[in-house]
Structure formats: structure tokens, C-alpha cells
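K.L.:
Sequence and predicted model, in that order:
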Amino acid sequence: MCVSLPELLITLVGIEKVIPRFEDLEVFLQLLPRSATGERMNPYNSLWTGIVPGDGPREFHVILLDNGRTHVLADEESRETLDCIRCGACLNACPVYLQTGGHAYGSVYNGPIGAILTPQLQSMEYSRSLPFASSLCGACYEACPVQIDIPEILIHLRAQVNDTGGGPLQERIAMKAAAFGFEDVNRLEDLQKLARWLELPFEKDGSISSLPGMLAGWTAFRDLKPIPKQSFREWWRDREKGDAS
Amino acid sequence: MSAREEILEQISRGLGERGPNRASEYASIPREYKVRGTSDPAARVELFLDRLHDYGATVYRCTNAEIAATITRALSLRNKQAILVAPAFPRRNLPAGFTLLDGASASYSELDQSAGVLTTCAIAIAVTGTIVLRHSAEEGRRALTLIPDYHLCVVYENQVVETVPEGIRAMSHFGTAPLTTISGPSATADIEMTRVKGVHGPRTLDVILAAGSL
Ligand code: SF4
């Protein structure tokens, strides 16, 4: 779009950008500007069909790039990532992107599409946290002109992160502990009772405003409510006994 | 194995077993969008006018016989004494009393310093207010309409199609020439969705919409 008068034109094209026929441009030239900037048409389009003596570039090279794309294609559950036309509508719709901005995604592809594309193109090595950078609200899916189900693919990638080792050590320990706690109702109730005792020293005026160690990171910005004196199960049992408060 | 073979093999492997006929698969893609226009010629031209106005272009309407006089009016209103002309711009439509410069021989810096350029176009698309150049001798090479800051373009009413698909299908017969589509004076809204003018081509676009045909 921004190519004005190159004498030498080298175009790097991801293989998923190739469309079958010239006429298929009628689909993409209608979708792209409307979804990208809300215009009817890009102000300028330049179309080249090789080189023509006397006008346009004198040398024209096209480099068709795979770089992980056939790998994405092979995964049936996330292959539709390759349908993306890079319009950016999902970025503008995304509440996470609006708060964090583009640099937080650590690659040229940011926003919701970046969160699914970057982990797949980089084989997940450097972007294990990206699939989690979403509230799964689905605003991207609604905005996407080619209807890529981004939330579904995010969940698919989250599963892949877990299957290949999961998050940082502390997080994995915390998750294991939570699973252990929630596994058995008696165990959960015992843990609740224990927690009511443990939190006592930190509780002040009905809220917890400062916790020690790693948990201090949480309370630096927000208060925690203490665990209620009575759980729903406890209240239910008391009610059956006939002395519910 | 060459990179090309390797990629092609991985594509077929990635897609797995597929139906035997790619051509029929392509043919069965549903295309429920509007392909053919439904307006009559007058409404189609009105739609094109409306879009051009929306983009901030100045539009003049005239008959085929009045083109030269309308060019005189447009250039006078912009205080232009001299203008570059596409090499095969129809002679009979050239205005008298102006310095007409040969657009074919001008260097890039002459184009840059020029007052503007006068051309025709290949087709126009009403619904998007788009002018399509195929860079024939009537329209001049790409540089002629990209570098000067003012473009005066003559569009004949019968060159106007209604929809984008109609336009693209017409363009598919234009051979291998480079094509440029212009939708309003050059602008980009890429950055923070703010429209900035004069990024790719001329900041000022005047259009003469002439009844009849080239
Ligand atoms: S995922 Fe959809 S909305 Fe996001 S950039 Fe790609 S095509 Fe546009």
C-alpha cells in the first residue's frame, strides 16, 4: 500500500497470503479497509503483475515465506489462524490490548491475533505466557471479519503450554496445591478452617491489606476479603439442625 | 530438496487427505456478496459524485464538448498557469492559454516542482469513489500521478462501474501493466486512525466528470 516508486521491489510474502485468482481481490479489498480503518477503500492501492518496461519497478523479487506457517496448517484446531488478513479489528476491540498496548506482546503481531499467532510461529518457546494474556471475553471473535475463533484457539494453546511443562515453578506448585485442596470436600473444609486462623494476624477492620512474602505483590495494589466466618456448607448443616442464623 | 519442494510437501502433508478436485472446491465457495450493481446509470454517477465529495475532491460535471472549457475553469480556480499533461491525453480536450508540459519526458524533480498533472483514467468505482489508473499513455506512467501535488482527472460517465467486484473484474483484463487505485486525495489513517493527507500521492484531487465516452 505504501509502495510508491521503487526501482527495485523485494516483497516478502507469507505463503498464507496467496489467493487463488485476481478476482478474489474483490473480497479482500472490501473486507480489509472497512475492518481496519473504517474506510470504504484504502486511499491508494498499487498492483503489480511482474515488470513492464518504462513503468513500475525495474527489478521485482517475491520471496514466499513459510517460517512456521505449514506447522500451523498441520494443526487442525488452530489452522484458521492463517486466515488472518491483518486488519487489526481484533486489537481495537480487545480490552487487554487497550490497557497494555502493543509492546507488551513482544512481537510485531500484537493484540489477540498476536497472542495466538506468535506462539505458533515461534513454536511457543519465547511466548508461553501469551495465550494467557486474555480474559476470553470474545470481543475479538465478534470483530474479526474472517471469523477466526480466537478464544477457542487461545484455550487450545493454553492446553499445549500445560502439556509441555506449564508455567513457572511457583505457579505449578500453587496449581498442584489448589488441585489437592479442591479434590476432597473434607480436606477443603479443613483448609478453610486453617486459613481462618492463619489470616488472623493480617486482618484489620474486615479486610487484609498487607500479606508477607510473594503474596505482598497482590496486596500492594488491592485488599483481600478474609475468608467468611461461615461457609455455605456450614450454614446449610446448621440450618438442617434447625439453628441457622 | 529445494525449499520450494519442501514447503509444497509440507502444505500437502499439513492439509492431509483432501477431496480430489480443488477446482470444484473453489467453484463452490459461496459468494453471497453483491457482485453486480443494481442502480441505473444516473444513480450510479450520483453515488460516485457523493463519494468524491466525501473525500474532499472538487468535482465538475460537463458534456463531452465542454471538457476543454471545464479544464480551463478548474485550472483558473486553482491559479495554475502551467500543467503537465499525460502523453496521449486527447488533443481536442486540451485548454488554450495554458503552458502544457510534456508529462512523458519530465524528470522526478521536474514532477516534484510542477503545478500539477492532467490525465484521464481507466475506470472508476462508484461505491468506493475509486479512480483506477492502468498507466496507459492517456494516464501517464505512475510517477506522473504520484509525485505532483495536484491531479486533475477526467472521468467519463460510462467508465463508472458501481461495485468493487465489477471494478476488479474489469481490472483483471488490463494485462500486466501496473495498476493504481485512488480513493480520494492521498491520505492514510494507519496511525492511530487519524487521517493525514499527502502521504502517497497528490494532496489535491479535482475530477471532471464528463457525459458520454472517451
Ligand atoms: S484476527 Fe481477524 S480481526 Fe484480528 S487482525 Fe486478523 S483478520 Fe483482523
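P.N.:
Received the coordinates, thanks.

K.L.:
Now do the phi/psi pair for residue A:8.
P.N.:
phi -120, psi 120 (degrees, to the nearest 10).

K.L.:
next one: residue B:180
P.N.:
Reported as degrees, to the nearest 10, the phi and psi values for residue B:180 are phi -130, psi 130.

K.L.:
tell me the contacts of the closest residue to it other than its chain neighbours?
P.N.:
Leaving aside its sequence neighbours, residue B:180 sits nearest to residue B:133 (Cβ to Cβ, 6 or more residues apart in numbering or on different chains; 4.7 Å). Every residue, glycine included, has its C-beta placed from N, CA and C. With contacts defined as Cβ atoms under 8 Å, 6 or more residues apart in numbering or on different chains, the neighbours of residue B:133 are B:119, B:121-122, B:139, B:142, B:145, B:179-182.

K.L.:
rerun at 10 Å
P.N.:
Counting by Cβ atoms under 10 Å, 6 or more residues apart in numbering or on different chains, residue B:133 touches B:86, B:119-123, B:139-142, B:144-146, B:151, B:153, B:177-182.

K.L.:
which ones among those are found in strands?
P.N.:
Counting by DSSP state E, the members of those that fall within strands are B:119-120, B:123, B:151, B:153, B:179-182.

K.L.:
Pull out the buried members of those residues.
P.N.:
Listed as buried from the ones in strands among the contacts of residue B:133 are B:119-120, B:123, B:151, B:153, B:179-182; burial here means 16 or more other Cβ atoms under 10 Å in any protein chain shown.

K.L.:
any idea which of these is closest to residue A:228?
P.N.:
Nearest to residue A:228 among those is residue B:181, at 65.1 Å by Cβ to Cβ.

K.L.:
In this structure the closest one contacts residue B:170, no?
P.N.:
No: using Cβ atoms under 10 Å, residue B:181 makes no contact with residue B:170, being 11.8 Å away.

K.L.:
Now do the shared contacts for these two.
P.N.:
Contact with both residue B:181 and residue B:170 is made by residues B:122-123, B:125, B:132, according to Cβ under 10 Å, 6+ apart.

K.L.:
Nearest to chain A, out of these: which one, please.
P.N.:
Within the shared contacts of residue B:181 and residue B:170, proximity to chain A (Cβ to the nearest Cβ) peaks at residue B:125, which comes in at 7.8 Å.

K.L.:
Show me where chain A has its strands.
P.N.:
With DSSP E, the ranges of strands along chain A come out as A:8-14, A:44-47, A:59-65, A:203-204, A:207-208.

K.L.:
mind listing what's buried in the third one?
P.N.:
Of the residues in strand A:59-65, residue A:60 count as buried by neighbour count, 16+ other Cβ under 10 Å.
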